[in-house]
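> Predicted model follows, preceded by the sequence.
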Amino acid sequence: MLSLRPKNKCTMLFNSFDFAIFLPIVFLLYWLVFNRNVTIRNLFLLVVSYVFYGFWDWRFIPLIVISSITDYLIGWYMGKTDDKSRRKLLLIVSLVVNIGILGFFKYYNFFIESFIDTFTLFGKSFSYTPLNIILPVGISFYTFQTLSYTIDIYYKKIEPTKQIINFFAFVGFFPQLVAGPIERAKNFLPQFDNIKKFDYQDARSGLLLITFGLFKKIVVADRLALFVDSAYGDIASASGPVLFLALFFFAFQLYFDFSAYSDIAIGTARIFGFRLSINFKRPYLSSSFSEFWERWHVSLSTWFRDYLYIPLGGNRRGKIRTLINILIVFTLSGLWHGASWNFVVWGIINALFIIVLDRWFGLAKSKGFQRIFATIFVFACWALSLVFFRVPDMADVFTVFQKMGFGELTTLYQFGLSGTEIRLALYLLGGLMLFEIAMEHYGDYLQKWFYARGVIFRWMVYLILILSIIFLGSYGTANDNSFIYFQF
């Protein structure tokens, strides 16, 4: 069977006491001791990144090393030859090594079991004992990041780096190692080439991003998780209103959990002088499914676009081929998220949203009141699709859809949250969505206005966020508290 993490171990979570100790120590050493020489600085970042990752399970550090050394050498050899067949062979080696490692740890049992199930349909029976394979945290993210390097060199979009320490630090950079954003070498690798000077503005905005990310994770997402986990953990006892609210809550839990990780990663990188790409662009304000995927998990969506959809032909080979390409991309995107047919179905459903609903309703062209309706419609469809994302057993998925609807509202308070807690959760969601709407239309102005205020005002905002995390945060054994995308 596939385990998400070994027993009695945990990652150094951004929302953990261990990270609260780790980050200030690394920050002080970085700026006071190790930032005078580029090579020494990058070596320091590499060491602390491996310490960060090894805190979860040091046995999987060699996997990152194998991926890093393989693609560094392949990139180096590829840069020394213009022979097309040799370059293609080198690219194939990179794909085989990286996808081979990812495939074994993430998909071995899934493919074997699916193979056996297929033959069972034809009357053939096989005995099989699943391997107890632990899924290395972050393997899907750093595999795609290092693969993009060799692919870009193959297409001559970038030149290979000669600095092996820089490349290793690029692959293993701890703020985004575990769950992205998935960075491109063209934009991120050059940031390891120069000495950085401490920038107060970057440090200030980075710390605010970290704090806001912790607020979204601990106060909002983890609170919603209590209800969602309780409802989906006992589907047989859950009433229609319970499952409906769980559907609604999970859509926001997933978003605020993952966007919180991205905010903390971007903020952490920023206090060290590095710029990571924006991973979420307020996706729940999208008025079409195409727009949604331009705003949701941007680094993954653009990875599939640039390295799969466009090489397949994109939309350049006619309507039928375009539809097939969309189906292929979303099917593989679903499989990337998890070794389960539920994720495959989830991916196909989202492909059909783009293929059918965007064109049928003309959502991409909606304006005014139509845009408001389209935005609500897109969110509702997305939330419904997430039942396949959240519920592991297909039979339970259909049970959820059958039971979802009207019923006794008092049962809502029997699933992880009291009436007061549910109301607080709804207020928090309402406030955050109003904030997103304001940032969508007046983001630049609001940021300038905020930083133009006096120190007292700004620190009042900081203290409100910090006190909210302390006193309103969802803590305790009932919560796993790890980030949802750690399992991918």
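Nice, I can see it. Predicted model, so just to flag it, every value in this text is computed and none were measured.
> low-scoring pLDDT stretches of the stretch 101-250 of the chain, where are they?
114, 117-130 (pLDDT under 70).
> which residues in it form helices?
Assigned by DSSP state H, counting those that start in this stretch, the stretch 101-250 of the chain shows helices spanning 139-154, 164-172, 174-177, 185-188, 200-214, 222-233, 240-271.
> Mind listing what's buried along the last one?
This points to helix 240-271. Neighbour-count burial for helix 240-271, counted by 16 or more other Cβ atoms under 10 Å, picks out 240-271. (C-beta placed from N, C-alpha, C; glycine too.)
> I'd like to know which elements it is packed against.
The contact analysis (3 or more Cβ pairs under 8 Å, 6 or more residues apart in numbering; DSSP states H and E) places helix 240-271 against helix 174-177, helix 200-214, helix 222-233, helix 369-390, helix 394-403, helix 419-452.
> cutoff 10 Å now
In terms of contacts (3 or more Cβ pairs under 10 Å, 6 or more residues apart in numbering; DSSP states H and E), helix 240-271 is packed against helix 17-32, helix 174-177, helix 200-214, helix 222-233, helix 369-390, helix 394-403, helix 419-452.
> quick one on the thing from earlier: would JSON lines of the helices of the stretch 101-250 of the chain with distance to Ser286 be doable?
Below are the helices of the stretch 101-250 of the chain laid out as JSON lines (distance: least, Cβ to Cβ, whole Å):
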{"stretch": "helix 139-154", "distance to Ser286": "23"}
{"stretch": "helix 164-172", "distance to Ser286": "31"}
{"stretch": "helix 174-177", "distance to Ser286": "24"}
{"stretch": "helix 185-188", "distance to Ser286": "24"}
{"stretch": "helix 200-214", "distance to Ser286": "21"}
{"stretch": "helix 222-233", "distance to Ser286": "21"}
{"stretch": "helix 240-271", "distance to Ser286": "12"}
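> Which one of these lies nearest to Ile310?
Of all the helices of the stretch 101-250 of the chain, it is helix 139-154 that lies closest to Ile310, at 11.4 Å by Cβ to Cβ.
> Point out the other helices and strands that the closest one packs with.
helix 61-78, helix 84-120, helix 164-172, helix 174-177, helix 185-188, helix 298-304, helix 319-337.
> Just the CA atoms of the fourth one, as CSV, please.
Coordinates of the C-alpha atoms in helix 174-177 are reproduced here as CSV (Å, rounded to 0.1, in the frame of the first residue of the first chain):
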residue,chain,number,x,y,z
PHE,A,174,13.8,24.7,0.7
PRO,A,175,11.0,27.3,0.6
GLN,A,176,9.5,25.8,-2.6
LEU,A,177,11.0,22.3,-2.5
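> what's Ser262 in contact with, if anything?
Applying Cβ atoms under 10 Å, 6 or more residues apart in numbering to Ser262 gives the contacts 176, 179-181, 209, 213, 276-280, 297-299, 483, 485.
> Buried by neighbour count, from those residues: which ones?
176, 179-181, 209, 213, 276-277, 279-280, 297-299, 483, 485.
> What are the buried residues along stretch 74-85?
For stretch 74-85, by 16+ other Cβ under 10 Å, it's 74-79.
> From the residues you listed, pick the one nearest Ile464.
Looking across these and measuring by Cβ to Cβ, the closest to Ile464 is Gly75, at 47.4 Å.
> gap between the closest one and Tyr154?
According to Cβ to Cβ, to the nearest Å, Gly75 and Tyr154 sit 9 Å apart.
> list residues touching both of the two?
90, 94.
> returning to what we had before: can you lay out the buried residues of stretch 74-85 as TSV showing distance to Val400?
Listed next are those as TSV, based on distance: Cβ to Cβ, whole Å:
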residue	distance to Val400
Ile74	46
Gly75	47
Trp76	51
Tyr77	51
Met78	49
Gly79	52
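> List just the nearest of the residues you listed to Gly334.
Closest approach to Gly334 among the buried residues of stretch 74-85 (Cβ to Cβ): Ile74, at 28.6 Å.
> For Phe406, which non-adjacent residue is closest in space?
In space, and not counting its chain neighbours, Phe406 is closest to Gly240: 5.5 Å by Cβ to Cβ, 6 or more residues apart in numbering.
> Can you name the residues that contact the one you found?
400, 402-409, 411.
> repeat that for 7 Å
403-407 (Cβ atoms under 7 Å, 6 or more residues apart in numbering).
> any idea how far Leu29 is from Val47?
On the measure of Cβ to Cβ, Val47 and Leu29 end up 10 Å apart.
> if I pick Gly405, what's in contact with it?
Taking Cβ under 7 Å, 6+ apart, we find Gly405 in contact with 240, 244.
> helix, strand or coil for it?
Classification of Gly405 by DSSP: H, G, I helix; E, B strand; the rest coil places it in coil.
> separation between it and Ser340?
26 Å.
> What helices and strands are in contact with the helix or strand hosting Ile464?
Using DSSP states H and E, Ile464 sits within helix 455-472. In terms of contacts (3 or more Cβ pairs under 7 Å, 6 or more residues apart in numbering; DSSP states H and E), helix 455-472 is packed against helix 200-214.
> in which helix or strand would I find Ser287?
Counting by DSSP H and E, no helix or strand carries Ser287.
> which SS state does the residue nearest to Phe44 when sequence neighbours are not counted fall under?
Using Cβ to Cβ, 6+ apart and skipping residues adjacent in sequence, the residue nearest Phe44 is Phe34, 4.0 Å away. Assigned by three-state DSSP, the conformation of Phe34 is coil.
> residues near Phe34, how many?
17 (other Cβ atoms under 10 Å).
> measure the closest residue to Phe483 other than its chain neighbours to Ile464 for me?
Counting by Cβ to Cβ, 6+ apart, Tyr261 is the residue found nearest to Phe483 once chain neighbours are left out, at 4.9 Å. For Tyr261, the distance to Ile464 equals 22 Å [Cβ to Cβ].
> Cys381 too?
35 Å.
> More neighbours: those two, which one.
Cys381 (17 against 11).
> just to revisit the earlier point, looking at it, the residue nearest to Phe483 is touching Phe486, isn't it?
No: taking contacts as Cβ atoms under 7 Å, Tyr261 lies outside contact range of Phe486: 8.6 Å.
> Identify the contacts common to the two.
With Cβ under 7 Å, 6+ apart as the test, Tyr261 and Phe486 both reach Ala179.
> show me the contacts for the residue nearest to Phe483.
14, 179, 483, 485.
> so which of those residues comes closest to Ala225?
Ala225 lies nearest to Phe483 out of these, by Cβ to Cβ, at 10.8 Å.
> Now do the contacts for that closest one.
179, 257, 261.
> Any chance of these in a markdown table with distance to Phe22 as columns?
Listed next are the contacts of Phe483 as a markdown table, based on distance: Cβ to Cβ, whole Å:
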| residue | distance to Phe22 |
| --- | --- |
| Ala179 | 17 |
| Asp257 | 21 |
| Tyr261 | 16 |
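> and which of these is nearest Leu89?
Of the contacts of Phe483, the one sitting nearest to Leu89 (Cβ to Cβ) turns out to be Ala179, at 32.5 Å.
> what's near enough to touch Leu323?
Contacts of Leu323 (Cβ under 7 Å, 6+ apart): Ile355.
> distance of it from Pro62?
Note on Leu323: its distance to Pro62, by Cβ to Cβ, is 42 Å.
> again, but for Val178
Distance of Val178 to Pro62, computed by Cβ to Cβ: 17 Å.
> Of the two, which one has the most company?
The neighbour count for Val178 versus Pro62, taken as other Cβ under 10 Å, is higher for Val178 (23 against 9).
> Within the helices and strands, which one has the closest residue to Leu29 other than its chain neighbours?
Excluding the flanking residues, the one nearest Leu29 by Cβ to Cβ, 6+ apart is Phe44, at 7.0 Å. Secondary structure assignment for Phe44, by DSSP H and E: helix 38-57.
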